[in-house]
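> Coordinates only, no sequence provided:
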């Protein structure tokens with residue numbers, strides 16, 4: 001099966017808001033080590049989708065182009081040396097709730113590669129998008145997200161652009177809305193309540209993804225920047241002090257000179273050292289998802305970040321697009 005190539009056009013700015021850009025404090029020093037150090041960076045102005053791309057919007061893209069996502073195409077055996085041939089079938093990773101406490105260092109306890117799972121069938125071949133039209137599209141690889149962006153005349157954001165937008169004009173806050181996860185008991189994002197990965201109390205009302213705009217927008221008018229689904233950026237994974245552009249651990253966050261438009265590392269530098277036989281690059285994910293919990297993966301924060309292989313899709317990863325002023 002071959003995938004159709006998207007035909008790029010001029011971007012429709014409906015459903016987007018303009019962010020003026022500027023300098024801000026990127027990263028965090030008090031959560032996970034890959035978020036540190038806090039550094040002062042600057043991004044230019046851009047337009048950004050107010051919500052993650054939904055199933056309804058992705059369906060229009062597929063109808064217009066005939067595109068087939070990574071999860072719908074059988075993997076090439078040469079890309080996965082030693083893989084069981086029976087596993088080289090179209091599919092994607094689907095979250096399955098554990099029956100009880102498990103080793104949190106072993107994601108295989110809750111992730112299953114499901115043949116037939118894809119964006120149209122988010123829980124497996126017998127599932128559908130009925131009732132999920134306005135939920136974020138999932139089971140999209142980085143290439144799928146980039147193809148949609150090209151078709152729409154847009155781009156995927158850099159990590160710095162994404163984090164600037166998520167902060168909504170506020171430096172130093174742990175969360176997009178302040179320093180309390182649920183101020184006054186309010187559920188302000190779709191994340192896991194209870195003990196992950198077996199007990200979800202669903203205080204926010206959702207077991208998995210939720211419709212976009214279900215929670216309050218941030219101060220830039222952007223929805224679901226935190227929780228619901230992780231979002232692809234276009235930066236190769238690297239640690240902050242290794243970023244191209246000369247960032248330094250010793251630079252004080254309040255220094256007058258902000259690192260301009262920082263970008264990620266390199267394809268080679270992004271490879272997973274624990275998987276030397278599978279040289280597949282990793283891009284940065286941002287925002288956390290409905291599977292982030294207080295006892296596991298507290299990454300429902302603007303500074304949080306995670307590496308993801310570009311060929312891998314899951315039931316909790318989506319994306320949104322931007323248009324830079326310079327590209328209009």
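Perfect, thanks for sending it. None of the values given here were measured: they were computed from a predicted structure. Numbers count the residues shown, from 1 in each chain.
> what about the helix or strand encompassing residue 166, average pLDDT?
Applying DSSP states H and E as the criterion places residue 166 in helix 159-167. The average pLDDT within helix 159-167 is 98.
> Who are the packing partners of that helix?
Under the contact criterion of 3 or more Cβ pairs under 8 Å, 6 or more residues apart in numbering; DSSP states H and E, helix 159-167 touches strand 22-26, strand 39-43, strand 46-49, strand 230-236, strand 282-286. C-beta coordinates here come from the backbone N, C-alpha and C atoms, glycine included.
> Let me have those strands in TSV, adding mean neighbour count, mean pLDDT and distance to residue 188 as columns.
Below are these laid out as TSV (neighbours: other Cβ atoms under 10 Å; pLDDT from 0 to 100; distance: least, Cβ to Cβ, whole Å):
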stretch	mean neighbour count	mean pLDDT	distance to residue 188
strand 22-26	19	98	21
strand 39-43	22	97	24
strand 46-49	24	98	19
strand 230-236	26	98	17
strand 282-286	25	98	17
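> out of those, which comes closest to residue 260?
strand 39-43 (5.1 Å; Cβ to Cβ).
> pLDDT at the residue nearest to residue 17 when sequence neighbours are not counted, what is it?
Distances taken as Cβ to Cβ, 6 or more residues apart in numbering put residue 221 closest to residue 17, at 4.9 Å, once the chain neighbours are dropped. pLDDT, the model's per-residue confidence, is 98 for residue 221.
> Report the buried residues of the helix holding residue 166.
Across helix 159-167, burial judged by 16 or more other Cβ atoms under 10 Å covers 159, 160, 161, 162, 163, 164, 165, 166, 167.
> mind checking how far stretch 54-71 is from the chain centre?
The chain centroid and the centroid of stretch 54-71 are separated by 18 Å under Cα atoms, centre = their mean, to the nearest Å.
> buried residues in it?
Buried residues in stretch 54-71 (16+ other Cβ under 10 Å): 54, 55, 57, 58, 61, 62, 65, 67, 68, 69, 70, 71.
> show me the contacts for residue 192.
Going by Cβ atoms under 8 Å, 6 or more residues apart in numbering, residue 192 touches 200, 290, 291, 292, 293, 296.
> what do you get for residue 179?
Contact analysis of residue 179 by Cβ under 8 Å, 6+ apart lists residue 173.
> Would you mind measuring from it to residue 301?
Between residue 179 and residue 301 the computed distance is 10 Å (Cβ to Cβ, to the nearest Å).
> What of residue 95?
In this view, residue 95 and residue 301 are 21 Å apart by Cβ to Cβ.
> So for these two, which sits in the more crowded spot?
Set residue 95 next to residue 301 and count neighbours by other Cβ atoms under 10 Å: residue 301 wins out with 26 against 20.
> so the more buried one touches residue 175, yeah?
Yes: the pair residue 301 / residue 175 is scored as a contact, 5.7 Å apart, by Cβ atoms under 8 Å.
> Residues in contact with both of these two, list them for me.
Common contact partners of residue 301 and residue 175 (Cβ under 8 Å, 6+ apart): residue 226.
> I'd say residue 134 and residue 52 touch.
No: with contact defined as Cβ under 8 Å, residue 134 does not reach residue 52; the gap is 10.4 Å.
> Overlap in contacts, those two.
Joint contacts of residue 134 and residue 52 (Cβ under 8 Å, 6+ apart) are residue 212.
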